[in-house]
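Enquirer: A predicted structure for the sequence below; I have some questions about it.
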Amino acid sequence: MTDLFTSAGLDQSAPRPLADRLRPKTLDEVVGQPHLIGADGTLSRMLRSGRIGSLIFWGPPGTGKTTVARLLAGATDLHFEQISAIFSGVADLKKVFEAARGRRSTGRGTLLFVDEIHRFNRAQQDAFLPVMEDGTITLVGATTENPSFELNAALLSRAQVLTFRSLDSEAVEGLLRAAEGAEGRDLPLDEDARASLVRMADGDGRAALSLAEEVWRSVGDGERLTAEALQSVLQRRAPIYDKSRDGHYNLISALHKSVRGSDPDAALYYLCRMLDAGEDPLFLGRRLVRMAVEDIGLADPQALGVANAAKDAYDFLGSPEGELALAQATVYLAAAPKSNAVYKAYKAATKAAKEGGSLLPPKHILNAPTGLMKTEGYGGGYQYDHDAPDAFSGQDYFPEALGRQSFYRPTGYGAEAGIGERLAHLDRLRARRNTGDAE
């Protein structure tokens, strides 16, 4: 419904942000998403077929999700209706659905765009299912969060997920050129400052245009900013990073896998990304400890001590000096030899313990504090290893019903290579002593 303000054309003369003025009028004008709207893009193929189904747009802010949804409605002659899950409830949804049913009775379909759709709870998400199934609405939901975690399986089964990518530097630069054309003047930036502005946008087209507006507002006639001066004027936009959401899990995964993959440079980069974004340094310290036991283990027994010391050093020093301890541990762990042999052994032993039940250990390694227990054979025949040749008796310590098991298989890397050689030597001794062969 058009209001009087819009009908009179006053909305066109009112002050409008640059991002709104430069909003694409056709899908061809959308930048940064060629995999969706290029010649062979997913949406392009859908439009060539003459119809679209319900969709979930997943991607970071400022990548064109709302704009593309609006343009899709125009390209398919559907009425465009937009709501936000932040401000809408069940009563609002009922009104939207009733209006869509009314339009459908006159032969007009409705494209319902739901911004931040992940903000709806499970029951609210279920409300969309009947109107999606009977064709009352074509749903286009937008989310910055992973749909696999935030949306109902039933809803996801009825919609195709399309991923919007952060804008690359070329796409952001294209927006800046369009902004200069709209303003009729160049940005007062030297080459390095312009490149810095592109990086500050962090792949967000709306942010790039907002930053450009801020530059024009802040710089006097004839002034030209360097990269350093630009950072001072804009106070640098914070990186996109939500410590409880995808950004957190994506970067900690990248840090962990870089350490596991023995790449100190990449590991240090992701550590600094997270610290720069405001991650709790003690969380990172705890994660480094986990890496030491999970991915390095006995290949470098000092790794756990280094990681623990770094965590404690940050706790003791605080910021900013404490971050250097975390950086040191990150580089050490990434450069260390790797082994997950203990990790795998622990999982295998846990499985055997759960499946075996309450098996009694062999009686020769049980204590016999009472006479009755001695009579029952507790402790009988136990050989004290320190008195045996090589300080090794070779006795069996597994429950008889279980039999001897092999959980820990050392790798040939780092200190674990020596451990493997010693255990192989002890296995040979055990075999000889248990068969009575002469040594």
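Expert: Noted; the coordinates are in hand. Note that this is a predicted model, so its numbers are computed, not measured.
Enquirer: Mind telling me what element residue 214 is part of?
Expert: Following DSSP states H and E, one finds residue 214 within helix 205-218.
Enquirer: in a strand, that's where residue 83 is, yeah?
Expert: Yes - counting by DSSP: H, G, I helix; E, B strand; the rest coil, residue 83 falls inside a strand.
Enquirer: Next one: the nearest residue to it once chain neighbours are set aside relative to residue 92, how far apart?
Expert: Of all residues not flanking residue 83 in the chain, residue 114 sits nearest, at 5.8 Å (CB to CB, 6 or more residues apart in numbering). For glycine as for every other residue, the C-beta is placed from the backbone atoms N, C-alpha and C. Counting by CB to CB, to the nearest Å, the separation of residue 114 from residue 92 is 11 Å.
Enquirer: So for the two, which sits in the more crowded spot?
Expert: Using other CB atoms under 10 Å, the more surrounded residue of residue 114 and residue 92 is residue 114, with 26 against 13.
Enquirer: Look at stretch 194-210 and report the distance between its end residues.
Expert: 14 Å (CA to CA, to the nearest Å).
Enquirer: And that stretch, what's buried?
Expert: Going by neighbour count (16 or more other CB atoms under 10 Å), the buried part of stretch 194-210 is 194, 196-198, 200-210.
Enquirer: Which helix runs longest in this structure?
Expert: helix 415-435 (DSSP state H).
Enquirer: Where do the strands of the stretch 251-400 of the chain begin and end?
Expert: Using DSSP state E, counting those that start in this stretch, the stretch 251-400 of the chain contains no strands.
Enquirer: Where does the record place the domain boundaries for this protein?
Expert: Per automatic domain parsing, the domain ranges recorded for the chain read 33-163, 246-335, 361-435.
Enquirer: Tabulate those domains (CSV), appending distance to residue 342 and mean pLDDT.
Expert: Formatted as CSV, the domains of the chain follow (distance: least, CB to CB, whole Å; pLDDT from 0 to 100):
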stretch, distance to residue 342, mean pLDDT
domain 33-163, 31, 92
domain 246-335, 4, 93
domain 361-435, 7, 90
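Enquirer: Between those domains, which one is closest to residue 354.
Expert: domain 361-435 (12.4 Å; CB to CB).
Enquirer: gap between the closest one and the chain center?
Expert: 45 Å (CA atoms, centre = their mean, to the nearest Å).
Enquirer: Would you mind measuring the gap between the ends of that domain?
Expert: By CA to CA, the extent of domain 361-435 from end to end equals 21 Å.
Enquirer: Mind listing what's buried along the helix or strand following the helix holding residue 214?
Expert: Downstream of helix 205-218, the next assigned helix or strand under DSSP H and E is helix 227-234. Buried residues in helix 227-234, counted by 16+ other CB under 10 Å: 227, 229-230, 233-234.
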